[in-house]
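1. Here is my input, please return the structure:
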Amino acid sequence: EPIRKGASIWRLDPDFDRLIPMEKYEAASPHLRELLDRYAYPSPDKPGFMVYEVDNGRFMNHSERPNTDFSQYGGATAIRDIAAGEEITCDYGEFFEDFARLHLAAVED
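-> I've put the predicted structure just below:
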């Protein structure tokens, strides 16, 4: 369905989104670490933890020109009207401080 500009499209929900201590991540099996590497990110407000979104927010792709605003950690809004069937995108750098550096390093490999 279409999403109107300004609509809330995601919020951090402690019932669905998990904070994982870095010690548990580092001790996890390779299979679990691979999952977290793909879908988790460092917590912007709790150093030493990763955020793993269990809801479908984890499937949003990065864009240099996103159609959402995640600059206020804990929630996101549509920054323009989003058509039904259009991909919802976000700028990972708004909530993952080192994303640009890590992303550029991966591109250079």
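2. can you pull out the strands in this protein?
-> Secondary structure of the chain (DSSP state E): strands located at 8-11, 17-21, 40-42, 49-53, 61-62, 68-69, 75-78, 89-90.
3. Can you name every helix or strand that the fifth one contacts?
-> Packing contacts for strand 61-62, counted by 3 or more Cβ pairs under 8 Å, 6 or more residues apart in numbering; DSSP states H and E, involve strand 89-90. C-beta: built from backbone N, CA, C; applies to glycine.
4. again, but for the second one
-> Here strand 17-21 touches strand 49-53, going by 3+ Cβ pairs under 8 Å, 6+ apart.
5. burial measure for the residue lying closest to residue 96 once chain neighbours are set aside, as a count.
-> Spatially, and ignoring its direct neighbours in sequence, residue 96 is nearest to residue 41 (4.3 Å; Cβ to Cβ, 6 or more residues apart in numbering). Neighbourhood size, residue 41 [other Cβ atoms under 10 Å]: 18.
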